[in-house]
Each structure stands twice: as C-alpha cells, then as structure tokens.
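Enquirer: Quick one: sequence plus predicted model below, questions after.
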Amino acid sequence: MRKALIVSLFLMMGFFAAFGAENILWESDFSKFKAAASPEKGWVLKDLSVEVSASGIRLRETGENSEGSMTCKIKYAPAAKFIQVKAGMAEHAENTFYLSSGGEKYKIFTGLNTFPINSKDINHGILTLTIIQDGIFGKKPSGWADLEILRVVGKPLDGLVVELENKANTAKIGDTVLFKYYPSSSIIEKNLGADCFVFPEISDYRFNANPVILEKENDGTFSCTVKIDENAYAFKSGNGKNVFASVYAGGTHSYAFTSFNIDVKEIPGVDKKVKNALPPPVFKGANPDIVKYRKMWEQYTKGNNLALGKKFIFSKKPDYKLTCKGDTDTIDLTDGKLSGRKCETIWFAPEAVGWYMSGAENGVNCLLDLGGIKPVKDVVIRALAGKCQTILTAPQEFKIFVSRDGEDFYEAASMVKLMPGEKDLSNFKTHYYIDEIGKAYVYPFKLDVNADARYIGVYIKGVSAAVFLDEIAVMEGSASTTAFNEAYQGQKQKFITSGIFIEPRLKELAISTNINTPNAFQLSDMRDKDSTSKTVTVVIEVPEGINIIAPTAEKESVTLNNNKYTRWEFPLKKSRIKPQTEMIFFTADKSVNANLPGYAYAKSEGIKTEKAQFPVRLFEMPEVKPQLKRLHVSLGWMGDKDMRDYPDYFKAFKTMGFNVVPSFPRYWQGDKKAEDKANALQFLEVARKEGFKILMNESPFHVMEEGHKEGSEIYSQLKNGKPSKNLCPSYWGNYYVKEMERISQGVALVKPDYITWDIECWHNGAAEASACEGCTEEQKKSGKSMEEYLKDCGTRKMKDLKDAVKRGIGNGKMPMIHCYDTHPTDPNYHLILDFNRFYPAYADTSANSFYVAGNVLKVHDEMRENYKIMKCNKCIPWLTAGTYGEYEPYKLEQMILEVLLNSACGFGYYWYGDFDTPMDFYYHSKALSEIAAYEDIIMDGKVMPELEGSNKNLIYSAVKKGNEMLLLVGNYKRSANGETEIKLPFKNIVEIKDLRDNGKIINSGKIFKTDILKDEIGFYYIKGTE
C-alpha cells in the first residue's frame, strides 16, 4: 500500500502573457503557509506534518492509513490552461509526489512539472487538483518531500508542453507531435534536447528514430515537431500508463505528460517478431535522469564482464558505516548488482562502497585479479555525482592501470574532471564535465583500456574526502583491435595497496648542471586513516657528488653495492594540489658517476615501504640567447614565496628565457600583511633591475566573494526564495565598488607591464540568471534577450576593470591586459564574457587556454583559427606542463613552437608545481633557444595558413617577414610516411637552417623536401629572394 498526499485547488480568472509573472493566474505562496479549517478558505491538511521554509514546504505523512491529504478550492476561469508544480528533493524516491487528474495519476518529478488542466476536474466553475505523495508502508512518520511551487497559468513558465498538432485525442502513426518549451524569461541555450519515457515503468519511448531537438524561435520559445512513423514504439495509453517528456533548461529539469492518448500498433517483422516493441525499463519507476544513466551503464556493459564475482583489494579501507554493513565491500563492486535506491542516494546502500573520512581526496587504489590474462576493452565505474551535499560530488580523477604479472603496471587510461569554464574540453576520454545541481545521481564513467591484463588497477581521487561507488565492470575486448596493448609501450609503474611509494614521475632523476631546476617526486600515499597522522621521512640515496640544496635535508655518506652514495633525509611535505612532494633541488659535481642508479623511499612508524630505483641523468639546460625582448614569457602562476625560495631564481629563469615575473598583490594587500607586502615589493624591485617585466596576476570578483555566506547581496536573489551562493551578474553594489578600488590600489603598488584577469566565477550565476530576480528585472529593462543582456554585463565588468587599471597606473604606461581563456574561436566565456565585445577596447590580446594534456593538434588548430579571425599576432595563450593531464615533456617544445608560429606574441604557464621534472624546463628552453634569434619574425611576420605540403597527414605552420620565414612541420598524427615536399614562397632560396640541429645548413631549391618521424617535428629558418 502507498502513502498518499492529496492536494486540491481552485483558481480565480485572469489574463496572461507569453512570459513572466503576469502570466500566473494563481499561485500558492508556500513560504507563508498556514493550515485552514475548510478548503474554500485555504489549505486543509489531513494526516500530514508540514515544515515551512523560505523556499516552500516539507511534507511528511503521519496517518495510520498510509495516506495524507491537503486540499484547497478556488474559482476556475477559462484562461487557465496548465497547472505547474515544482518539487524539490525527497528523502526517499518512494516519498515523491503524484498529480491526480481526470481519474489518472501523473508523477511529479524533482524539477518543474507542467500538466494540462483536465475538464473532468472542473465542476460548477471549480477546478479540483490532487497531488499524491508516495511513501514507505509501515514507516510512521513517512520520509520527507519538498514542494516549492504550485501555480495555475495560461501559458507555462519555464515549462514544457507536448501536444498533438491535429488536436485529436489519440495519436497514431502519421500524426505530428509538437514539443514546446516556454521560458519565463530569455535563456542562454540555443536548443534543447528532449527525452521521452513511458510512465510508470520509466522505460524509453520514441515517436520516430530521430532525437527530439527543440530549436529556439524568434519569440524566445523552443519547439520541435515530430512525425510519428513506423519506428515509433508500440504503445497504448490507459490503465495508468502514459508518456511524458523532459528537457533540461536554465539549470532546471522540466517535465510534461502528453495532453493526448497514444495508440501505436505493433508491427511484425519478417521474423514475425515485433520490430517496434517497447524496450523494457532499465530501472523501473526511477527518475528519468537516473534512468538515462542506468541505460548508459547497460549499453557500456553489454558483453562479457570479466570482473563479475572477483574480489577487490583496496588500499584504503572503505569507512562509511551505512555502506560497510555486512562487510561485503570487497565484492560489492563486482556482484553485477546496482544499488536499488531509486533516488541514487547510494551512501545509504549496503551494496555500495564508500570512503568518507579515509583520505579519498589523496587517492584510492583498487586492485582486481581477473585470474588470468584477458583482453580488456574498457573499465566502467559507477560513481556518485550531483552534489546533493557539498562533498558528495563526482571524483576529480580516474586512472586505469594494467599488468600481466601483478608487479609491473602500465597506465592505460585516465580522465580528469574539468571546471565549468573548461567544460568545452570535455571528451569523456581524457577529460570530463558533468552538471551537478544539488541532486544525487550515479554516473557511469567509461575508460578505454584496449590491452590484455590479468591485474586491473583502478585509481580514484576525490574532489573531497567522499567517494561512493556501486559497481565496476571490466569488459572483455579483442586482441585484434587497432593499437591493442599500446599501454605497455608506456612507463612501467608500481601500483601499491598499502604504505607509501615515492619516485620521480618520469622514473629518472634528471639534474641540470648549469642552473638550478626542481624535481617533485610522485607520491602514492595509501596509508590507512589511522596512520596518516604519523610523521613521514623522505629518504633519497644518490651517487656521491649529488647534493640536495633545498629543502633542508640531513646528509649521511653510505656504501651501497660497493659504491659511494649520499643518503639525504627530510620530512615529507606534500603539495596541496597534486600527489607529489614539495620541490626538491639537486646539484651535481663533475665527479658524479651518473651510471649508478638513485633510490627513494619513505620512512614512517609501522609502515612498510618499497624502495624505488631509477637512473640518473645529468644534462645542461639550453641557454636562451639572445635574451627575448618582445615576446612575453612567464610562469604566471608561481607564488611570491616560491620565487623567493627558488635557489638563484633570476639566473635560472633568465637562462631559460623567461622575461616576465608574476606578482599577486591580492595576497598581501591590507594592513595585516605588511611583512608579506614589503617582501613582495622588494622582490619586484630586484626583478626589474635584473631586466624582468612584471605581470600582475589578478582574480577580480573571486576576492570580492571571500567571507560572504549564501544569500549575500552579491549572489543571485532567486525567485523561489532559496539562498544562492553564485555571483549575480547584475550585482553592482558596494562590494563591487570596493573590488574595483582594491584593484586600482594593487596596480598602483605593482606598476605592472602586463595584467592577466583570471575570472572563473560567473558560470553558475549566469546559468541561473533566468531564476534571479535582479537579472530578470534588469534584462527586461534592457529589452534584450537574456543571452545578450548577460554579455552586456560582462562587457561592462571588463570596462570597469580597465578603468580601475587606469586610475591605479595614473600617468604611467598602461599595461597590456588579457583575460584568461577568452578568445574569438569560442568567444562566450562563462556565459557573460564575450571576447568579440570587449576586444580590443578593454583587452589587448586573446588568451587561449591549452590545458590539453599534450594535444598538439588542438593547439595548432585553435591558434590557426584564432589568427584567421583576428588577423594579427595578438595572443598570449596559457600553456601547462601537467594541469588536466600529464604528458611527455617533449610535447612542450612542439606546443610552444605551434603557438608562436600561429600568431602568439608570447605565452604564460599554469602552474609551477606542474614542472615536476627538469625535463619540462629543458624542452621549454629548447624551443625558445631555437627561436630567440628570430623574435622579430614572430612578432612582425605574417602567419601563412595557405602554406601546405604534399603530405596531407603532416601539419604545417609558417610565419613570414619580408625575405625570411620560419617553418614548422609536425607529424602529430604519427603517420608512417613522414616524407613531404613544400613549395616555398620565394623566387630563389638563399639559406635554409635546421633549427633543431644547431642551425645546420640544408641545401634546397624552391621545393623543400623533408622527412618527419612519427610524433616528431622539423623546424627551419628559410631566407630567400622575392
């Protein structure tokens, strides 16, 4: 038996408009809810408890008969066409609501639900409406469920409608169905995808084989007409069964049941089977979004799941008490059973596995023995997402390792979570982004493996300490697939399930002999939570003559394998951002025997650790000369203290071609930070004397947010009364004014040559702008769409920022300004910053972000597109040596040359900690040493997108100034044939130099021939006559 909540209501007449509050004919203000004695005077409650909040009411059934009611009666008017109900979260899926209308029941899902008014509910000018809350039989009181909005409208507000175009009551093959969505105000989406389902099973439904895409109309609504054909699933409405649709728009799910019946007949195929049979439900009765992800899991796991029945070994014991019940965690992820909780709150489910306070934010290793070497296609992980609570969010990173012997592991796949501002990089192979709007769901993450293995290592790193899973599948593959076992061509790795393991990321200790460069050792800390508070000592044993100059370390001479070594020990200090040690600086005497290996391990009470062995590489860092005068080269995210602590910083960075020093005045502005301020300003004074320019790295509005709690005036003021913690794009109040003043003061202190705005805080506020009272009011005043209005807001902010800089710099020279990740190839950043609107008035260059894990092709393509639009060399892109994915350091040289030969006037880096091996700096310096003598060609030359070679599998980049040019040829597609011929744009060839081979002279005519090996480049200086 179900528990039920019954709600009846009646309404007054009124007139309506297509959008806005004037279209609401009647609405119940639940924030002022009071029970009434009779339904004619207000809401009458029976067997219900009610809690009132600013955003609505929370209801619980309390009676003996598993049913509660809530009734209200109001006059009806013909203008009223739809009832809209917005439901919030529910404690259990069984506690959600239903609408009873015309003798039928319609489920109310979490989100906004739109129902056509049924004439059967109108009696003598009174409209009766009933809402039912399902509960759990035998539980008293029932679980809670939230009701936020109940209103009657002429046309829906933020609502979806599904109607039959011929106005008949029953849809059949040949008829046309209209899907229409009515936003209450203009929204930023250009189209909406709709999914259809059968109620109550919540199985998929379709009217034909094509996806339903609603396109934006001139009046701001979205619509799509769908012709019912023989591909429609066989279905007949009635007996409580009907079809509904859902869309996701403006940060909210909207649902609508069809306003008509459906009668699509079964069509027999040649095999006498029904070819249009309705598919069975993947999770009967669950919410549509949950069904969608269950269906994805079902699709991903078709075939032979090699993990079934196997047992996991966890490096950190799962510790969440509700998921640990039964002590079955080691087999829960491989039992083939998904959580039975229809609301996907799997942290309550014993069949799930949960880490809550055991260090999941530092990574968890999960080891599976398949029992024999098997071909593996991919690994699929069902992980909790949605941010129902702040810490209950999708993991930060996944990695899959394969091994044949259980000793040597190789990384086969990895996937990193993106911030909203970088979501365009999401490909669900190396990077992913999913919306998390406060509702729990479990997402199936699929990682391609394509290798044989007996042992599968699954590494999961949480954004927070909380990570919850309910199943992991290892799908059998085929050894005949392309690039099978390519994983084993990578670096051999350890995959530990206890203790601590420390080693260089590239499995070698690289030391530059002419300048100081850092190493950060990779750290795998798999101690249980009881051991994490114990002190850990890092021990590094290196051949005699290799010294550690930072951090401070104790030194001991030892003999290992009859060779003289030095043992260095120091306390472990972890990076706050990545699983690695602090930066370690090594020096090497000329007498060092570099043929001997180095060793590293950790010491901690009661912890068994394994010693890593690695080769030693000594090398000389390429010197960039002549020094660069015009290009901008900065490690723009290197903190003040990091620079001051770096041994002989100015010598090292000058040698490597850096000519810009970052500064972060936001960290030391204020009276309480006088010492930090003095140190920072003194460092900048020395930097200028050393010939460096200054970059002011500023994060406007992020600083303004500090100290504010949800509901603050700086945040969206939501129409439903819920407090928001997302910056409101329309806020221009006192805190905004103070923020502009703070920036002016910072500029006056630093007197920068360059300024970069790092603004990554507007996406969520802009996404909910249509639900914000301030934004919708100002948008209506502007007479523009919400999309255009938000862009106006962003442009105004960029103007205000530049005005703040002008006030701060006074009579000094204006610095060059750019804003992170804003550029013409994808101009609408965070939904409000449109590069094409604020450039060149309020920014001097574009600033593409290339956190692409070594994807050089993407760098080339985007920079080339950037130039085609801007037609000038004004771009300072951001590169990285490892953010959003590590890669082989040699690719850094390729990326630097690609940006510089495709219109960049310099580049910056995020983040110092990604330079975890001196080899990152080596390839950086190598690239700059190759172009240093040709800086003017890059700055003043013309990019040549028209230049191509005979081999179309190679990538060509060139820049030409007068009778000189630079040519870069890349075999990034790893073509077996790297031969090509290039017709050079000169009458005669005077000189060709191979810049990657010490300027070696190459003899060639106007047809230049070269051969580029797989994943390699050729880089040439060419001089000719016109």
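Expert: Perfect, thanks for sending it. Numbers count the residues shown, from 1 in each chain.

Enquirer: sec struct for residue 370, please.
Expert: Counting by DSSP: H, G, I helix; E, B strand; the rest coil, the backbone at residue 370 sits in strand.

Enquirer: typed the wrong thing, it's residue 803
Expert: Per three-state DSSP, the local secondary structure of residue 803 is helix.

Enquirer: Identify the residues contacting it.
Expert: residue 740 (C-beta atoms under 8 Å, 6 or more residues apart in numbering). For glycine as for every other residue, the C-beta is placed from the backbone atoms N, C-alpha and C.

Enquirer: same thing but at 10 Å, please
Expert: 740, 743-744, 842 (C-beta atoms under 10 Å, 6 or more residues apart in numbering).

Enquirer: and if you look at residue 574?
Expert: Applying C-beta under 10 Å, 6+ apart, the residues near residue 574 are 362, 523, 525, 536, 580-582.

Enquirer: same question, residue 107
Expert: Residues in contact with residue 107, defined by C-beta under 10 Å, 6+ apart, are 87, 96-99, 113, 132, 134, 197, 199-200, 202, 242, 244, 255, 257, 285, 287-288.

Enquirer: That one: what secondary structure?
Expert: When classified by three-state DSSP, residue 107 comes out as strand.

Enquirer: Could you check which helix or strand contains the residue nearest to residue 806 when sequence neighbours are not counted?
Expert: Distances taken as C-beta to C-beta, 6 or more residues apart in numbering put residue 814 closest to residue 806, at 7.0 Å, once the chain neighbours are dropped. Take DSSP states H and E as the rule and residue 814 turns out to sit in neither a helix nor a strand.

Enquirer: if we can go back for a sec, from the contacts of residue 803, which is closest to residue 179?
Expert: residue 842 (40.6 Å; C-beta to C-beta).

Enquirer: The closest one and residue 834 touch, don't they?
Expert: No - contact criterion C-beta atoms under 10 Å: residue 842 and residue 834 do not qualify, at 11.2 Å.

Enquirer: any weak-confidence spans in this structure?
Expert: Low-confidence segments of the chain, defined by pLDDT under 70: 1-22, 65, 135-136.

Enquirer: per-domain residue ranges of it.
Expert: 5-153, 159-264+274-281, 289-489, 500-619, 941-1026 (automatic domain parsing).

Enquirer: so how far is the second one from its chain's centroid?
Expert: Looking back up the chat, that one is domain 159-264+274-281. When C-alpha coordinates are averaged (C-alpha atoms, centre = their mean, to the nearest Å), domain 159-264+274-281 and its chain have centres 30 Å apart.

Enquirer: and the contacts of residue 803, which two are the farthest apart?
Expert: Greatest spacing in the contacts of residue 803, by C-beta to C-beta: 744 and 842 (15.3 Å).

Enquirer: Give the buried residues for stretch 779-796.
Expert: 779, 785-787, 789-796 (16 or more other C-beta atoms under 10 Å).

Enquirer: One more: stretch 852-859?
Expert: 852-856, 858-859.

Enquirer: And stretch 962-976, by the same measure?
Expert: Buried positions in stretch 962-976, judged by neighbour count with 16+ other C-beta under 10 Å: 964-972, 975.

Enquirer: Narrow these to those in strands?
Expert: Among the buried residues of stretch 962-976, DSSP state E puts 964-970 in strands.

Enquirer: follow-up on the earlier one: so of the buried residues of stretch 852-859, which ones are in helices?
Expert: 856, 858-859 (DSSP state H).

Enquirer: got a markdown table for those residues, with distance to residue 175 too?
Expert: As requested, those are exported to a markdown table (distance: C-beta to C-beta, whole Å):
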| residue | distance to residue 175 |
| --- | --- |
| 856 | 52 |
| 858 | 46 |
| 859 | 51 |
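
Enquirer: Let me know the secondary structure of residue 471.
Expert: strand.

Enquirer: Check which helices and strands whichever helix or strand residue 555 is part of is in contact with.
Expert: Under the criterion of DSSP H and E, residue 555 resides in strand 554-560. Helices and strands touching strand 554-560, by 3 or more C-beta pairs under 10 Å, 6 or more residues apart in numbering; DSSP states H and E, are strand 537-543, strand 546-550, strand 563-571.

Enquirer: Show me the contact partners of it.
Expert: For strand 554-560, using C-beta under 10 Å, 6+ apart, the contacting residues are 537, 539, 541, 543-544, 547-548, 564-570, 596-597, 599.

Enquirer: Can you give the distance of stretch 864-881 from its chain's centre?
Expert: Between the centre of stretch 864-881 and the centre of its chain there are 23 Å (C-alpha atoms, centre = their mean).

Enquirer: list the buried ones in that stretch?
Expert: Judged by neighbour count using 16+ other C-beta under 10 Å, the buried positions of stretch 864-881 are 864-867, 870, 873-881.

Enquirer: and what of stretch 991-1000?
Expert: So, applying 16+ other C-beta under 10 Å, buried residues of stretch 991-1000: 992-996.

Enquirer: between residue 842 and residue 834, what contacts are shared?
Expert: Here residue 842 and residue 834 have 795, 798 as joint contacts, going by C-beta under 10 Å, 6+ apart.

Enquirer: circling back to that earlier point, may I ask which two of the buried residues of stretch 864-881 are separated the most?
Expert: Spatial extent of the buried residues of stretch 864-881 (C-beta to C-beta) is set by the pair 870 and 881 at 26.5 Å.

Enquirer: returning to what we had before: out of the helices and strands packed on strand 554-560, which is closest to residue 461?
Expert: Closest approach to residue 461 among those is made by strand 537-543 (21.1 Å; C-beta to C-beta).

Enquirer: And that closest one, what does it pack against?
Expert: On a contact count with 3+ C-beta pairs under 10 Å, 6+ apart, strand 537-543 meets strand 500-503, strand 509-512, strand 546-550, strand 554-560, strand 563-571, strand 584-588, strand 598-603.

Enquirer: who's in contact with residue 571?
Expert: Contacts of residue 571 by C-beta under 10 Å, 6+ apart are 535-538, 551-553, 582.

Enquirer: Bridged to it, which residues?
Expert: residue 537 (DSSP bridges).

Enquirer: That one and residue 598: what is the separation?
Expert: 20 Å (C-beta to C-beta, to the nearest Å).

Enquirer: ok so, going back, now the ones in strands among the buried residues of stretch 962-976 in JSON lines, please, with extra columns for distance to residue 305.
Expert: Shown next, in JSON lines, are these (distance: C-beta to C-beta, whole Å):
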{"residue": "964", "distance to residue 305": "61"}
{"residue": "965", "distance to residue 305": "56"}
{"residue": "966", "distance to residue 305": "53"}
{"residue": "967", "distance to residue 305": "51"}
{"residue": "968", "distance to residue 305": "46"}
{"residue": "969", "distance to residue 305": "45"}
{"residue": "970", "distance to residue 305": "40"}
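
Enquirer: Which single one of those residues is nearest to residue 340?
Expert: Nearest to residue 340 among these is residue 970, at 52.2 Å by C-beta to C-beta.

Enquirer: need the contact list for that closest one.
Expert: 856-857, 860, 894, 897-898, 954-957, 978, 1012, 1015-1019.

Enquirer: Give me the buried subset of those.
Expert: Buried members of the contacts of residue 970, counted by 16+ other C-beta under 10 Å: 856, 860, 894, 897-898, 954-957, 978, 1012, 1015-1019.
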